[in-house]
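**Student:** Turn this into a structure:
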Amino acid sequence: MPAILAHGALGIWDEIIYISIAAIFVVFMGISWVRSRNQPPDDDLPDSAPADSTPDHFKLD
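**Tutor:** Numbers count the residues shown, from 1 in each chain. The predicted structure is shown next:
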């Protein structure tokens, strides 16, 4: 089998290591994506701004 992705002193093991690292990366990204899809968005938190009672400030709706 000709070396396609990597070629070095390890021979075929270079490609096996390279493909294994790429596969592990894809698995971690998949797990991260699935976990983020199951969590509620962070922007749903209510804003608790202090109310100003000065007459020159008006509350905006």
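**Student:** residues in contact with S32?
**Tutor:** S32 makes no contacts at all, as judged by Cβ atoms under 8 Å, 6 or more residues apart in numbering. Placement of C-beta: from N, CA and C, glycine included.
**Student:** buried stuff in the helix or strand where it lies?
**Tutor:** Assigned by DSSP states H and E, S32 belongs to helix 12-37. When burial is assessed from 16 or more other Cβ atoms under 10 Å, helix 12-37 yields the following buried residues: E15.
**Student:** Output stretch 15-22 as CSV - backbone C-alpha positions only.
**Tutor:** Extracted C-alpha coordinates of stretch 15-22, given in CSV (Å, rounded to 0.1, in the frame of the first residue of the first chain):
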residue,chain,number,x,y,z
GLU,A,15,-0.6,6.5,8.4
ILE,A,16,-2.2,4.4,11.1
ILE,A,17,-1.2,6.9,13.8
TYR,A,18,-2.3,9.8,11.7
ILE,A,19,-5.7,8.3,10.9
SER,A,20,-6.2,7.3,14.6
ILE,A,21,-5.5,10.8,15.8
ALA,A,22,-7.9,12.2,13.2
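**Student:** got any ranges where this protein has weak pLDDT?
**Tutor:** Residue ranges of the chain with pLDDT under 70: 1-7, 44-55, 57-59, 61.
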